[in-house]
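J.: Predicted model follows, preceded by the sequence.
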Amino acid sequence: MKNPSGLKTAKGELIPISNRITEYDELAALDCFFFQLCICLKNYFPMKNFAFVLCIFLIVSCNGINKNSDDLADFSKIKYSNYKEIDFLKDYVKMSDTAYVKSGNQVTHRITELKKDDKTVILFSKITVDTQDSESYTLLDTLHIKKLNENLMITIGYCNVENYLVEEVIAVVEKTDSDSIKKIEKVWKANSQTNTIEPVKKTSDISCINEK
């Protein structure tokens, strides 16, 4: 892990970095698949020159998935009123912002989608409202999504997962012009009990509508 000293808020406060990173990288997942395939071939076939070179190449590619860089940090427990107060996020552009009520009558949580080049950072935050009705936030968890294919998109608040509000569901889906989405690539849920963004393993029972 790089030295995190450069990750500061606008007030100069140091941002703590945990070892847990929630990340979805489509290309990295593909590299790992080929790495595992290479290991299987190695066990069943004699290693010839070409196969040896191929395996070395795939091993190097797969090792590159463990990105111990500041841009994959988990900034949990940071307090802020505007995401641009966090120095690392100041160049990101807000793509969507979803607030919802988990309990009571006032909004309690917010999911914010930020984008910079091919990188997307999704913030899962708890909302605090003061006596003057001004909101401030405690960052609970982050989700990092990189290098999506052009036929895929991120949607928040348009998918149904059992026992969760639709506003709590984040998904990577295939773009379509129809009202319903047929191909769901990956789904996460913002869990307000554990304060984490958790992957949903079974997507067969999930339905998503097009937000167009």
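T.: On my side now, so go ahead.
J.: Next secondary structure after the host helix or strand of residue 125?
T.: Take DSSP states H and E as the rule and residue 125 turns out to sit in strand 119-129. As assigned by DSSP H and E, the chain's next helix or strand after strand 119-129 is strand 135-146.
J.: Which stretches in this protein count as helices?
T.: 26-44, 49-63 (DSSP state H).
J.: re the thing from before, just the CA trace of the strand holding residue 125, in CSV.
T.: This file holds the C-alpha atoms of strand 119-129, laid out as CSV (Å, rounded to 0.1, in the frame of the first residue of the first chain):
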residue,chain,number,x,y,z
LYS,A,119,-13.3,5.0,-13.1
THR,A,120,-16.5,5.1,-11.1
VAL,A,121,-16.6,5.4,-7.3
ILE,A,122,-19.9,4.9,-5.5
LEU,A,123,-20.3,6.3,-2.0
PHE,A,124,-22.6,4.8,0.6
SER,A,125,-23.2,7.3,3.3
LYS,A,126,-25.3,7.9,6.4
ILE,A,127,-27.1,11.2,6.6
THR,A,128,-27.2,13.5,9.6
VAL,A,129,-29.6,16.5,9.6
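J.: partner strands of that strand, parallel or antiparallel?
T.: strand 109-116 (antiparallel), strand 135-146 (antiparallel) (DSSP bridges).
J.: Next, format those strands as CSV and append distance to residue 194.
T.: Yep, even glycine has a C-beta here, placed from its N, CA and C like the rest. Shown next, in CSV, are the strands paired with strand 119-129 (distance: least, C-beta to C-beta, whole Å):
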stretch, distance to residue 194
strand 109-116, 13
strand 135-146, 9
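J.: export these to CSV and tack on mean pLDDT, distance to residue 122 and mean neighbour count?
T.: Below are those laid out as CSV (pLDDT from 0 to 100; distance: least, C-beta to C-beta, whole Å; neighbours: other C-beta atoms under 10 Å):
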stretch, mean pLDDT, distance to residue 122, mean neighbour count
strand 109-116, 96, 5, 20
strand 135-146, 94, 4, 20
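J.: Could I get the contacting residues of residue 81?
T.: Applying C-beta atoms under 8 Å, 6 or more residues apart in numbering to residue 81 gives the contacts 134, 135, 136, 137.
J.: The last one pairs with what?
T.: Legend: beta-bridge partners of residue 137 under DSSP bridges are residue 80, residue 127.
J.: who's in contact with it?
T.: 79, 80, 81, 110, 125, 126, 127, 128.
J.: hmm, back to that, indicate which one of the strands paired with strand 119-129 is closest to residue 180.
T.: strand 109-116 (21.5 Å; C-beta to C-beta).
J.: Any chance you could list what contacts that closest one?
T.: 83, 89, 91-100, 102, 120-127, 137, 154, 156-157, 167-168, 170, 190, 192.
J.: Can I get it as CSV, trimmed to CA atoms?
T.: Below are the C-alpha coordinates for strand 109-116, written out as CSV (Å, rounded to 0.1, in the frame of the first residue of the first chain):
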residue,chain,number,x,y,z
HIS,A,109,-28.9,7.2,3.7
ARG,A,110,-27.4,8.4,0.4
ILE,A,111,-25.8,6.5,-2.5
THR,A,112,-23.7,8.8,-4.8
GLU,A,113,-22.2,7.8,-8.1
LEU,A,114,-19.1,9.6,-9.1
LYS,A,115,-17.1,9.3,-12.4
LYS,A,116,-13.6,10.2,-13.7
